[in-house]
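A.B. asks: need the 3D shape of this:
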Amino acid sequence: MCRVSCESASVGVLLHPTGNGRRLLLVSERTGHRALLDATVLDALCALPPSALTALVRAAVQEGAPA
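C.D. replies: This is a model prediction of the structure:
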């Protein structure tokens, strides 16, 4: 496992075997939320321009904010 961290987040990253190949298992150390990402998702993220990635992160942060 490796850890990717910055001043506002820390995420564990593991290779996770499945019946259809390996996935990245991402685990938020702050919330405990988990996500399995396959190569198709990673490839799509690589194709997004920085502005789209910023909008995606902004939407996720706002969705998780208390109402």
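A.B. asks: and Leu14, how far is that from Pro50?
C.D. replies: As judged by CB to CB, to the nearest Å, Leu14 and Pro50 stand 27 Å apart. Heads up, the C-betas are built off the backbone N, CA and C, glycines and all.
A.B. asks: the two - which one has more neighbours?
C.D. replies: Leu14 (12 against 7; other CB atoms under 10 Å).
A.B. asks: per-residue pLDDT, the more buried one?
C.D. replies: Per-residue pLDDT puts Leu14 at 97.
A.B. asks: for it, what are its contacts?
C.D. replies: Leu14 makes contacts with Met1, Leu24, Leu25, Val27, as judged by CB atoms under 8 Å, 6 or more residues apart in numbering.
A.B. asks: can you give me the end-to-end span of stretch 36-52?
C.D. replies: Stretch 36-52 has an end-to-end distance of 21 Å (CA to CA, to the nearest Å).
A.B. asks: neighbouring contacts of it?
C.D. replies: With CB under 8 Å, 6+ apart, stretch 36-52 has contacts from His16, Thr18, Asn20, Gly21, Arg23, Leu24, Leu25, Leu26, Leu53, Leu56.
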